[in-house]
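1. Give me a model of this one.
(2 chains)
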Number of protein chains: 2
Amino acid sequence: MDATKLGFDTINLGHGSGGTMTRDLLDKIIFKTFNNPYLNQKHDGSIVKFDRPFAISTDSFVVSPIFFKGGNIGELAVNGTVNDVAMCGAIPKYLSLAFIVEEGLEINDFIRIVNSVKRAADTSGVIIITGDTKVVERGKGDKIFINTTGFGEVHPNANISANNIKVGDKIIVSGFIAQHGMAIMSQREGLEFESTIVSDTTNVNFLVSDLLDKFGSKIHLFRDPTRGGLASVLSEIATDIEKGVAIVENHIPLEKQVAAACEILGLDPMYVANEGVFIAIVAAEVADAVVETMRNHEKGENAVCIGEVTEEHPLKVVMKSLIGGKRIVSPLIGEQLPRIC
Amino acid sequence: MDATKLGFDTINLGHGSGGTMTRDLLDKIIFKTFNNPYLNQKHDGSIVKFDRPFAISTDSFVVSPIFFKGGNIGELAVNGTVNDVAMCGAIPKYLSLAFIVEEGLEINDFIRIVNSVKRAADTSGVIIITGDTKVVERGKGDKIFINTTGFGEVHPNANISANNIKVGDKIIVSGFIAQHGMAIMSQREGLEFESTIVSDTTNVNFLVSDLLDKFGSKIHLFRDPTRGGLASVLSEIATDIEKGVAIVENHIPLEKQVAAACEILGLDPMYVANEGVFIAIVAAEVADAVVETMRNHEKGENAVCIGEVTEEHPLKVVMKSLIGGKRIVSPLIGEQLPRIC
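-> Residues are numbered from 1 along each chain as shown, chains lettered A, B, ... in the order given. From the prediction side, this is the model:
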């Protein structure tokens, strides 16, 4: 697709009117890219069928900048929601896709984002079945915001619930943390610094599905530590289950350059956002096998067990430090850096 | 709920961090308002089950101003998506709810909007089952944008498809047109004028369901003429079915003061947005009974048959005027006034 053949270089308010300009934008870019029988109905919605219970998850993406090392807002919007559906123990199948575009966005940027959505959807095996496009005036938005809502059938073996977590359960992280947040930060205005850190944005649904195939109800919870990072997710879990969480600092998988960048900026990687990493809380007897399975999978090759659920210090996350000390890991309170996803 | 008891007067970036401020906002406002077993799981998504095929529809709402005569962006976001699901011949049951809030929004305004969402959801019989809240910096959004995605089981009698439309089918409008658009316009900066026009935003799902109960597959298409108005929807249908659409100008239901306001502003009501009106294209033999049924229902008391599907002038909408002339009704091209929904 080439913007020069479209007859317009930027998105303008008419593209959000619901009139022929909207139809033109949809026909020439959206329907052409996603071309599937659901969207081709061109109705206000689409009709699907699931034979089993299914999971629904929604997320709006407002990341800035919209293009960053390792990805852009388009694939982030697909991967983020695909992963949230997977975290429910489900197999993502359909996505809705809604854009809020600021007047003046370059059509070429829009096409690049739409193509990334398509590629990411294909990679995770989901179909875009319905959508919406709104345009707001210059200065009333920020280039583009994307909402995706995802749907997926619950895996037949899944029994995911914080209620299933028991003392002694192991906490496993699927890969290096803090990469997405640090990739975004390294490109932020006013913060730009030389770095080769790339976002970890990716879909983890196939790995999740493999784990459910093998370990079924021995997996008690999945959660992806996006905004607020690993610390916030673990704190939330400790609060919800009214038990303690004990983790070991030197088990936490962290790349050297990410650690260095965090140190330079005075940030704790435990609070930095991730987009392709998840934690699994599993029965102790399968923990080693879960780590082994993850490591044999492209999306989990740096998986590691970082701790366990404890009777002690209920509601609190305690981290054993490298030199043997212990400190309480609080949840993130305010904001390290906004608009990370 | 009272903002003075919340400890914050405005939404700030920390409320979108994913940390304790986000949790605080959710606990004190969202979970408290919507309080249902789906949301109370506080997971990334929710799990539901439909025994039959179901419809999905998504829409982002960016209306400005966010409070207008007859409603606000909160109920609009519920009614808009509920109606889109209904237009698929389905019975709306669940909604997802995602906010993009501009830093600085008054908490009292946020609460007012959330309460309207709750009230509108209760009125249409839908449950908010999952959600998301993002916050963007001042000047990077416009107070609040809302995305809702709706789900509803397809009515057992429904067979809604443009493919079912035949020459001779009647076109019925459920009520007065152009009210929502004119209500918004009368309050827009630079356009403010004295008027008592109120938005028609409402849920039409129960009326739609009644019609499907009674007339089943004799109803060939539902469509709600939101952005782009009645003219754009009829033009789209004529294009899709490759047949003609003939309508009669003096059958189009239009309130006097709305007509007067349109005349003052030089707007054609056929292009002005509606939010509580729909069209039904039905087999000729049931047309009178459909109108009758609508008129006996609160949401359709001004229903009227405005025309029919023709063999002549394929792809075109032709309107017979009051004085007997005929004119072609083109679809809206650009934008009459942006951000109407």
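2. Which of the helices or strands spans residue A:275?
-> Under DSSP states H and E, no helix or strand contains residue A:275.
3. tilt between the helix or strand hosting residue A:152 and strand B:144-154?
-> Counting by DSSP H and E, the element that carries residue A:152 is strand A:144-154. Computed by axes from the mean of the first three to the mean of the last three Cα atoms, to 10 degrees, the angle separating strand A:144-154 from strand B:144-154 equals 30 degrees.
4. which strands and helices sit next to strand A:144-154?
-> With contacts defined as 3 or more Cβ pairs under 8 Å, 6 or more residues apart in numbering or on different chains; DSSP states H and E, strand A:144-154 has these neighbours: strand A:54-61, helix A:73-87, strand A:90-102, helix A:107-124, strand B:54-61, strand B:90-102, strand B:127-136, strand B:144-154. The way it works is simple: take the backbone N, C-alpha and C, and place the C-beta from them, glycine included.
5. Out of those, the one nearest residue A:34 is which?
-> helix A:107-124 (6.2 Å; Cβ to Cβ).
6. gap between that closest one and the chain center?
-> The offset between the C-alpha centroid of helix A:107-124 and the centroid of the whole chain comes to 16 Å, using Cα atoms, centre = their mean, to the nearest Å.
7. Just the endpoints, please. Distance across stretch A:181-201?
-> Its start and end residues considered, stretch A:181-201 measures 10 Å (Cα to Cα, to the nearest Å).
8. That one near chain B anywhere?
-> No. Stretch A:181-201 is not in contact with chain B by Cβ under 8 Å from any Cβ of the partner chain; minimum separation 10.9 Å.
9. Test my guess that residue A:12 contacts residue A:103.
-> Yes. Residue A:12 lies in contact with residue A:103 (Cβ atoms under 8 Å); the separation is 5.5 Å.
10. And residue A:66, how close does it get to chain B?
-> Noted for residue A:66: a distance of 12 Å to chain B, by Cβ to the nearest Cβ, to the nearest Å.
11. same check, this time on residue A:167
-> For residue A:167 relative to chain B (Cβ to the nearest Cβ), the value is 21 Å.
12. can you check residue A:162 too?
-> Computed as Cβ to the nearest Cβ, the residue A:162 to chain B distance reads 8 Å.
13. Quick one: residues contacting that residue.
-> The contact partners of residue A:162, taken as Cβ atoms under 8 Å, 6 or more residues apart in numbering or on different chains, are A:220, A:221, A:237, A:240, A:241, B:43.
14. thinking again about what came up before, want to throw the helices and strands packed on strand A:144-154 into a markdown table with mean pLDDT?
-> Shown next, in a markdown table, are the helices and strands packed on strand A:144-154 (pLDDT from 0 to 100):
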| stretch | mean pLDDT |
| --- | --- |
| strand A:54-61 | 97 |
| helix A:73-87 | 98 |
| strand A:90-102 | 98 |
| helix A:107-124 | 98 |
| strand B:54-61 | 97 |
| strand B:90-102 | 98 |
| strand B:127-136 | 96 |
| strand B:144-154 | 97 |
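15. Out of the ones you listed, flag the one nearest residue B:249.
-> Shortest distance between residue B:249 and the helices and strands packed on strand A:144-154, using Cβ to Cβ, is found for strand B:54-61: 30.2 Å.
16. what are the pairing partners of the closest one, and which direction each?
-> As defined by DSSP bridges, the strand partners of strand B:54-61 come to strand A:46-48 (antiparallel), strand B:144-154 (antiparallel).
17. In CSV, list the C-alpha atoms belonging to it.
-> The C-alpha coordinates for strand B:54-61 follow below in CSV (Å, rounded to 0.1, in the frame of the first residue of the first chain):
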residue,chain,number,x,y,z
PHE,B,54,-23.1,-13.9,19.6
ALA,B,55,-22.4,-10.5,18.2
ILE,B,56,-19.4,-8.3,19.1
SER,B,57,-19.2,-4.6,18.4
THR,B,58,-16.7,-1.9,19.4
ASP,B,59,-16.8,1.9,19.4
SER,B,60,-14.7,4.7,20.8
PHE,B,61,-16.5,7.8,22.0
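18. Show me what counts as buried in that strand.
-> Buried residues in strand B:54-61, counted by 16 or more other Cβ atoms under 10 Å in any protein chain shown: B:54, B:55, B:56, B:57, B:58, B:59, B:60, B:61.
19. that older thread, among the contacts of residue A:162, find me the one that's closest to residue A:33.
-> Of all the contacts of residue A:162, residue B:43 has the smallest distance to residue A:33: 31.5 Å, by Cβ to Cβ.
20. That closest one - how many residues pack around it?
-> 23 (other Cβ atoms under 10 Å in any protein chain shown).
21. still on that earlier bit, which neighbours do residue A:12 and residue A:103 share?
-> Residues touching both residue A:12 and residue A:103 (Cβ under 8 Å, 6+ apart) are residue A:135.
22. Please list the residues of the stretch 101-250 of chain A that sit near chain B.
-> By Cβ under 8 Å from any Cβ, the part of the stretch 101-250 of chain A that sits against chain B consists of A:129-132, A:134-137, A:139-142, A:145, A:147, A:149-151, A:154, A:161-162, A:223-224, A:226-229, A:232, A:236, A:240.
23. Is it possible to get TSV of the helices and strands packed on strand A:144-154 that adds distance to residue B:176?
-> As requested, those are exported to TSV (distance: least, Cβ to Cβ, whole Å):
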stretch	distance to residue B:176
strand A:54-61	33
helix A:73-87	38
strand A:90-102	29
helix A:107-124	37
strand B:54-61	22
strand B:90-102	23
strand B:127-136	30
strand B:144-154	25
